[in-house]
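> The sequence and its predicted three-dimensional model are supplied below.
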Amino acid sequence: MHAQEATTELGLANRRIILGVTGGIAAYKSAELIRRLKDLGADVRAVMTPAAQEFITPLTLQALSGNPVHTTLLDTEAEAAMGHIELARWGDLILVAPASADFLARLAHGHGNDLLSTLCLAARCPLAVAPAMNQAMWAAASNQANMDLLQARGVHVFGPAAGEQACGDIGPGRMLEATELAQCTANLFPHRILTGTRVTITAGPTREAIDPVRYISNHSSGKMGFAIAEAARDAGAQVTLISGPVHLPTPDRVKRIDVISALDMHQASMDALTQTDIFIATAAVADFRVENSHNQKIKKQDNSGPGMTLTLVENPDIVAAVAQHEPKPFTVGFAAETRDVENYARQKIERKNLDMIVANDVSRQDIGFNSDQNAVTVIWKSGQQLMALASKTQIARDLVTLISEHYKNTR
Ligand code: PMT
């Protein structure tokens with residue numbers, strides 16, 4: 001998606017929704033609801049009560065959500081895969097739709113006699129319910145008292161709508177339509193600056209093989225690029241992280257592609273371009289590779305003279321190639337320099353046709369390569385901003401804010 005097309009607001013991007021389905025004829029609408037939640041970018045896991053399975057099968061919800069469906073509390077196999085406490089922690093929201101009168105009563109009174117009610121007790125995330133029942137049941141004093149209790153505790157109540165019911169009655173009690181429910185769900189989450197935007201980041205070093213056991217590389221740890229990936233994700237972006245060989249865990253909810261050499265990183269970056277609105281090149285890519293790397297380990301005695309000569313050839317410039325691409329993503333480079341840092345960075349922004357460059361003085365021991373902190377000057381065509389010494393996490397957050405402001409001006 002190019003800047004002009006990036007108008008679809010994925011209001012649930014990076015959000016994890018536990019969809020609780022209880023027994024009621026409206027359970028068939030849960031299938032459609034999963035689709036609508038996924039359309040808005042959510043990752044959905046369905047939890048069904050035994051009664052819900054009388055109306056719709058777990059297989060249907062599994063196929064639509066792309067995740068296993070959770071049905072029982074006391075199933076050792078299911079608990080081994082993802083225990084109920086882990087599942088409770090996984091969700092950003094529990095949405096129970098449809099919520100039957102019986103389930104609402106159990107919820108109001110703190111029961112934990114099936115998986116869904118136990119999850120609701122164990123979860124610390126917000127809870128929303130979409131009641132669905134006959135209009136007389138909805139109006140019953142006991143049900144209304146339960147609803148008052150739930151609302152007083154901060155449970156979000158979506159609907160119900162009024163109209164013709166499956167039993168032939170007319171009145172309030174119908175579950176809201178899937179599209180409305182998905183929108184109500186999205187409205188619970190604050191808008192984030194990069195919602196609906198796809199960000200690709202390169203990170204870490206590349207390794208250029210000399211032979212199967214030796215390589216040319218550099219000191220990049222990947223910390224700066226990984227911190228940017230987390231900050232972009234937290235800003236609502238869909239993040240792809242193309243990483244050279246590093247010893248860092250993959251950030252949660254980030255798509256990671258591991259590469260070794262500059263040629264691999266170039267290929268992965270080009271492949272990602274159709275899914276990229278903003279490209280951030282943090283990686284320390286080797287400018288050269290060995291022309292004919294050996295298939296077998298080079299032996300000392302293979303060389304006739306006292307020394308050894310390696311012929312190096314230039315690697316493709318990945319960020320420059322990205323900036324040549326049509327449509328061009330908003331392209332941000334880094335400049336790692338040991339002297340005259342800003343001046344060289346300004347030359348690179350021009351030469352590589354970048355929208356922005358982050359000048360990094362790597363002559364200092366306390367910042368840059370492999371450090372947990374950094375200090376940078378961000379330069380664009382009509383201005384610049386200093387980011388003083390801070391953790392890479394903080395620098396990454398400030399960078400993502402600045403990049404998103406400039407990116408939005410180009411839309
Ligand atoms: O990984 P850490 O240990 O946290 O360290 C972070 C860092 C110091 C690596 C990072 O902050 C940084 O400065 N990255 C840029 C490193 C670099 O290679 O800079 P450069 O000036 O040589 O390259 C300029 C830009 O071109 C960079 O965006 C680089 O990713 C890109 N490039 C360079 C060569 C090449 N063949 N392809 C490229 O895309």
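Right, received. Where do you want to start?
> OK, contacts around residue 311?
Residues near residue 311 by C-beta atoms under 8 Å, 6 or more residues apart in numbering: 290, 291, 292. C-betas here are computed from N, CA, C, even on glycine.
> Enumerate the residues of the protein near the ligand.
Contact residues (C-beta under 6 Å from any ligand atom) of the chain with the ligand: 202, 204, 220-224, 262, 281-285, 287, 315, 317-319, 333-336, 348, 360, 362, 368-370.
> Name only those of those residues that count as buried.
Buried by 16 or more other C-beta atoms under 10 Å: 202, 204, 220-224, 262, 281-285, 315, 317-319, 333-336, 348, 360, 362, 368-369, out of these.
> Show me these that map onto helices.
Using DSSP state H, 223, 224, 262, 318, 319, 348 are the members of these that sit in helices.
> Residue 406: neighbouring residues, count only.
Residues near residue 406, counting by other C-beta atoms under 10 Å, number 16.
> so which strand or helix has it?
For residue 406, the host element (DSSP states H and E) is helix 392-409.
> So which residues make contact with that helix?
Around helix 392-409, the neighbours that count as contacts under C-beta under 8 Å, 6+ apart are 3, 193-194, 197, 223-224, 227-228, 230-232, 234-235, 277-278, 280, 330, 332, 355-356, 358, 371-376, 378, 380, 385, 387, 390.
> Any of these buried? List them.
3, 193-194, 197, 223-224, 227-228, 230-232, 234-235, 277-278, 280, 330, 332, 355-356, 358, 371, 373-376, 378, 380, 387, 390.
> can you give me the helices in the stretch 101-250 of the chain?
With helices called from DSSP state H, counting those that start in this stretch, the stretch 101-250 of the chain shows them at 101-108, 115-122, 135-139, 141-152, 178-187, 223-234.
> as a whole number, average confidence for the shortest one?
So that's helix 135-139. Confidence for helix 135-139, expressed as mean pLDDT, is 94.
> what comes up buried for the helix or strand of the chain with the lowest mean pLDDT?
Ranking every helix and strand in the chain by mean pLDDT, DSSP states H and E puts helix 76-81 at the bottom, with a mean of 71. Residues 78, 79 are the ones in helix 76-81 that count as buried (16+ other C-beta under 10 Å).
> which residues of the stretch 151-300 of the chain score low on pLDDT?
Of all residues in the stretch 151-300 of the chain, none has pLDDT under 70.
> Next: the stretch 1-150 of the chain.
For the stretch 1-150 of the chain, applying pLDDT under 70 flags the ranges 1-9, 81.
> now with 80?
1-10, 74-83 (pLDDT under 80).
> Deepest in the core, which of the helices of the stretch 101-250 of the chain is it.
helix 223-234 (a mean of 26; mean count of other C-beta atoms under 10 Å).
> I'd like to know which elements it is packed against.
strand 198-203, strand 238-243, strand 278-281, helix 392-409 (3 or more C-beta pairs under 8 Å, 6 or more residues apart in numbering; DSSP states H and E).
> I'd like those as a markdown table, with distance to residue 144 appended.
As requested, the helices and strands packed on helix 223-234 are exported to a markdown table (distance: least, C-beta to C-beta, whole Å):
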| stretch | distance to residue 144 |
| --- | --- |
| strand 198-203 | 46 |
| strand 238-243 | 42 |
| strand 278-281 | 50 |
| helix 392-409 | 45 |
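> For residue 83, find the nearest of the ones you listed.
Minimum separation from residue 83 across the helices and strands packed on helix 223-234 (C-beta to C-beta) falls at strand 238-243, 27.5 Å.
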